[in-house]
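> Predicted model follows, preceded by the sequence.
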Amino acid sequence: MLYIYLAVGGVTGTFARYGLSGWIYSVAGASFPWGTFAVNLIGSFILGFLAPTMQVAPVSPEVRSLLTVGFCGAFTTFSTFSYETVMLLQEGAWGRAALYALGSLLLGLLALWGGIALATGTLRLGG
Amino acid sequence: MPHRFTGERTLMRIFIGERDKCEHGPYQGLALHEALLRLFRERGFAGVTVLRGTKGFGASAKVHTADLLRLSMDLPEVIEVVETEEKIQQVLPELDRMIDGGLITLEKVRVILYRPANVPENERWRHRIEGLEPTDREGPQ
């Protein structure tokens, strides 16, 4: 049964990433991996919010897995991030490659922390 | 003496996307580059080359690039055909029906070599690059 929950989360996350990053590129252009950058930050924020929430919310492990492992796992993409960084390096776009790699890492951590802060703040969890 | 396929010919370039499908005819629904290849083969064209692009944009102004995975799902393709102007003109109405969005250009070219691989030695003179003197040897002696 868990597999079905995982599949639902995974498919939903994939389509959400596909739609959102496509829209972002249509607005921001193709000179920087804005689409992947954005979904990774947004996904980190969502997971940051969900993780502490799930610990106190009365949801089944299946639903928890759907949202975290399934949805967030499929919505964000480390492999695409790695691929696009290498492509930028191969083009000799050192500045953009560094900005993308470091920016994704630092802002990703910050986004995740922001999600945790929002969850603990609104739920008045310890901290 | 000129080979049947040397001299002034027309180069046609067809710019499409790899996800384009054939819109009409016996190859409807097939990948467009495959449908075009089959059409030209069926019409006895001299040759066709399909090229895959790694980046580009077209009439829809959407950028496609292999560098960004989300934008790499419909990369550009170019189909190149060299034939007589007459044969190309004959196939244009069919192309118009088969292709949804795309770009087609025609230009005059001069064919100086058109030969299959492994031509027998005694036939080779008929397939030489046009304009070479009879005394020109292949490669430095």
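In hand now; what should we look at? Numbering: from 1, shown residues only, chains lettered A, B, ... in the order given.

> Quickly find the element holding the residue sitting nearest the centre point of chain A.
Against the mean C-alpha coordinate of chain A, by Cα atoms, centre = their mean, the closest residue is residue A:43 at 2.2 Å. Taking DSSP states H and E as the criterion, residue A:43 maps to helix A:34-56.

> If you drop the residues flanking it in sequence, what lies closest to the residue nearest to the centre of chain A?
residue A:76 (3.5 Å; Cβ to Cβ, 6 or more residues apart in numbering or on different chains). All C-beta atoms are positioned from the backbone trio N, CA, C, and that covers glycine.

> that older thread, OK, contacts around the residue nearest to the centre of chain A?
A:13, A:72, A:75, A:76 (Cβ atoms under 8 Å, 6 or more residues apart in numbering or on different chains).

> Quick one: residues contacting the last one.
Counting by Cβ under 8 Å, 6+ apart, residue A:76 makes contact with A:17, A:39, A:40, A:43, A:44, A:47.

> would you say residue A:114 is within a strand?
No - applying DSSP: H, G, I helix; E, B strand; the rest coil, one finds residue A:114 to be helix, outside a strand.

> Hmm, it is touching residue A:45, no?
Yes - in this structure, residue A:114 is within contact of residue A:45 by Cβ atoms under 8 Å, at 5.8 Å.

> Which one of these two is surrounded by more residues?
Of the pair residue A:114 and residue A:45, residue A:45 is the one with more neighbours under other Cβ atoms under 10 Å in any protein chain shown, namely 21 against 16.

> can you pull the pLDDT of the more buried one?
On pLDDT, residue A:45 comes in at 98.

> which ones are touching it?
A:111, A:112, A:114, A:115.

> so who does the last one touch?
Right, residue A:115. A:44, A:45, A:46, A:47, A:48, A:49, A:50, A:51.

> what about the last one, neighbour count?
So that's residue A:51. 17.

> ok, it to residue B:72 distance?
Between residue A:51 and residue B:72 the distance is 32 Å, computed by Cβ to Cβ, to the nearest Å.

> Could you single out the nearest of the contacts of residue A:45 to chain B?
residue A:111 (19.6 Å; Cβ to the nearest Cβ).

> Please give me every residue in contact with that closest one.
So residue A:111 contacts A:41, A:42, A:44, A:45, A:48 (Cβ under 8 Å, 6+ apart).

> What is the longest helix anywhere in chain B packed up against?
Ranked by residue count, the top helix of chain B under DSSP state H comes out as helix B:85-98. Judged by 3 or more Cβ pairs under 8 Å, 6 or more residues apart in numbering or on different chains; DSSP states H and E, helix B:85-98 is in contact with strand B:7-17, helix B:32-42.

> got the CA positions of the last one in CSV?
Yep, that's helix B:32-42 we're talking about. The C-alpha trace of helix B:32-42 is given here as CSV (Å, rounded to 0.1, in the frame of the first residue of the first chain):
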residue,chain,number,x,y,z
LEU,B,32,8.3,14.1,-38.5
HIS,B,33,12.0,13.6,-39.3
GLU,B,34,11.3,9.9,-39.9
ALA,B,35,8.2,10.6,-42.0
LEU,B,36,10.2,13.1,-44.1
LEU,B,37,13.1,10.6,-44.6
ARG,B,38,10.6,8.0,-45.8
LEU,B,39,8.9,10.4,-48.1
PHE,B,40,12.1,11.4,-49.8
ARG,B,41,13.2,7.8,-50.0
GLU,B,42,9.9,6.8,-51.6
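
> what ranges do the strands span in chain B?
For chain B, strands defined by DSSP state E occupy the ranges B:7-17, B:48-52, B:55-57, B:63-65, B:76-83, B:103-111.
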